[in-house]
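Colleague: Everything below, folded, please.
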Amino acid sequence: MATYRLPLQGRATLSLEARLLNVFNNQTQLQTDAQKYLDLRQIPTAPYFAPYEQLNPFFGTGNAFAPPRRLLIGLVGQF
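Modeller: Predicted structure coming up:
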């Protein structure tokens, strides 16, 4: 993060800020696929649910990652 402050009249200031996020462009895993089975089999008699059969091939793998490198620029006024 870098900030450049520009003094104005009296106590007022204007600041220009720049923030560089994910500098090294790492793909940090933020979320994991936690659904173990893909099917929900229902039957007409109790207990109404049959054992699952179709395994999720992506179970335990990452499905959300940190966004790529980006630059945020902001302007802040104080008075």
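Colleague: Spell out the residue ranges of the helices in this protein.
Modeller: Assigned by DSSP state H, the helices in the chain number zero.
Colleague: Give me the most central residue, this structure.
Modeller: Ala66 (5.7 Å; Cα atoms, centre = their mean).
Colleague: Now do Gln78 against Tyr4, distance only.
Modeller: Distance of Gln78 to Tyr4, computed by Cβ to Cβ, to the nearest Å: 14 Å. Glycine gets a C-beta too; all of them are placed from N, C-alpha and C.
Colleague: Now the common contact residues for the two.
Modeller: Ser15 (Cβ atoms under 8 Å, 6 or more residues apart in numbering).
Colleague: What is the burial count for Ala18?
Modeller: As a burial measure, Ala18 scores 12 neighbours (other Cβ atoms under 10 Å).
Colleague: what's near enough to touch it?
Modeller: Counted by Cβ under 8 Å, 6+ apart, Ala18 has contacts Met1, Ala2, Thr3, Leu71, Leu72, Ile73, Gly74.
Colleague: now do 10 Å
Modeller: Contacts for Ala18 (Cβ atoms under 10 Å, 6 or more residues apart in numbering) come out as Met1, Ala2, Thr3, Tyr4, Leu71, Leu72, Ile73, Gly74.
Colleague: Now, these that are in strands?
Modeller: Ala2, Thr3, Tyr4, Leu71, Leu72, Ile73, Gly74 (DSSP state E).
Colleague: Pretty sure the last one sits against Ser15.
Modeller: Yes. Here Gly74 lies in contact with Ser15, judged by Cβ atoms under 10 Å, at a distance of 8.2 Å.
Colleague: which of these two has more neighbours?
Modeller: Ser15 (13 against 10).
Colleague: Just give the closest residue to Arg70, not the sequence neighbours.
Modeller: Closest residue in space to Arg70, ignoring its immediate chain neighbours: Leu21 at 5.3 Å, by Cβ to Cβ, 6 or more residues apart in numbering.
Colleague: For Leu16, grab the count of nearby residues.
Modeller: 13.
Colleague: I appreciate the help and will end here.
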